[in-house]
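S.K.: Okay, sequence plus prediction incoming.
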Amino acid sequence: MGFDGFKGYERRAVSRMDGEFEKRPVIIEAHERVMKTFEEDSIKPVEFSELYGEDVIARDLAYVSHMKAKFGAGDRAKLASEIMEGIIYDQSERSDWLGPHAHTIKTSEYDDIANGVDLVVEFDEPEKSKKHLALGVDATFGSQNLEKKFLRIKEEIDSGKLANIKYFRSQDGSFMGQLSKVPRVVTGVDQEHLLDLAGTWAQGLNKELGVHPAQRLILAQIAQQLKTYGAYAERTGRHEFVRSYQDAYATIRAISDTKRSIDVTLYKKDKVHAAIIAQLERFK
């Protein structure tokens, strides 16, 4: 999905990146806000004890503790990705970045670490069955982590297994349990654009965020992935997944069509966006 032909977008200049990215007050403030929100809103495995049993819950929580201790507090790349994740989580509903029927659900730490799903988007359209997308968020151009995410998606299609979320509760509480065979996509912006976006978000400029070009970039990334994965699944004989990808693509494309007036001129050269599109070549 290209961005050619759009009018110029008048915005303040984006600050250039430097080695002090993680020390900037706006980044510290944004990350603290995201972590507080996720601590409050993320799905809690302990609430699933009747479903899975206390022993299973304890084992999964021990796994989370082990992995967090193993990898420590995370680096600049993780910090950036978590901020982007938090902004998507907030703005998908506050500013309808993913359309008026989308609900973003913050996964448990277990599903984040073990299953690589940062957020689940639930589309609850009137008179239609609920659709779900598993989102992985990255803000690191050219990272090995980004490559691993796409290799995982390819392996899931090849093996007949899409994303799995062990601890899931729908927005309206109508379903609680394991969500399986969910189309997975990767989205994000580079750290230079994230700095601009985090500043806008931290100031609470919701009017600007409502027409922010990042949402069109994200929709373009998701749409291109769904279209590519659907074609790959059909070509490789995984026909059971084709309809899921096609339906999700139709939903995202319809949302994108309502946002054509939002210009993305200053985001056309986003490095993470380019890296995501480049990764899709492995599915050709």
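M.R.: Arrived safely. Bear in mind the structure is a predicted one, so any value in this text is a computation, not a measurement. Residues are numbered from 1 along each chain as shown.
S.K.: now the helix or strand encompassing Leu61: mean pLDDT?
M.R.: Secondary structure here is read from DSSP states H and E; on that basis Leu61 sits in helix 54-71. Model confidence over helix 54-71, given as mean pLDDT, is 95.
S.K.: Just the buried residues of that helix, please?
M.R.: 57, 60-61, 64 (16 or more other CB atoms under 10 Å). (Glycine included, C-beta is placed from N, CA and C.)
S.K.: Redo those as a markdown table? Include distance to Thr187.
M.R.: Shown next, in a markdown table, are those (distance: CB to CB, whole Å):
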| residue | distance to Thr187 |
| --- | --- |
| Ile57 | 30 |
| Asp60 | 26 |
| Leu61 | 28 |
| Val64 | 24 |
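S.K.: and of those residues, the nearest to Thr236?
M.R.: For the buried residues of helix 54-71, the residue nearest Thr236 by CB to CB is Asp60; the value is 32.2 Å.
S.K.: Roughly how far does the closest one sit from Val26?
M.R.: Using CB to CB, to the nearest Å, Asp60 is found at 35 Å from Val26.
S.K.: ok, Gln246 to Arg253 distance?
M.R.: 10 Å.
S.K.: Which elements pack onto the helix holding Leu61?
M.R.: Counting by 3 or more CB pairs under 8 Å, 6 or more residues apart in numbering; DSSP states H and E, the packing neighbours recorded for helix 54-71 are helix 109-114.
S.K.: where along the stretch 151-284 of the chain do the helices fall?
M.R.: For the stretch 151-284 of the chain, applying DSSP state H, counting those that start in this stretch gives helices covering 191-202, 206-210, 213-235, 239-257, 271-279.
S.K.: Name the residues that touch the second one?
M.R.: When contacts are defined by CB atoms under 8 Å, 6 or more residues apart in numbering, helix 206-210 is touched by residues 91, 94-96, 200-201.
S.K.: Swap in 10 Å and give it another go.
M.R.: Contacts made with helix 206-210 from outside it, assessed by CB atoms under 10 Å, 6 or more residues apart in numbering, are listed as 11-12, 87, 90-91, 94-97, 197, 200-201, 203, 212, 215, 262.
S.K.: Show me the strands in the stretch 1-150 of the chain, by range?
M.R.: For the stretch 1-150 of the chain, the strands defined by DSSP state E, counting those that start in this stretch cover 102-106, 119-123, 131-137.
S.K.: least reliable of those strands going by mean pLDDT?
M.R.: strand 131-137 (a mean of 94).
S.K.: What pairs with that strand, parallel or antiparallel?
M.R.: Strand 131-137 sits in its sheet next to strand 119-123 (antiparallel), strand 184-187 (parallel), going by DSSP bridges.
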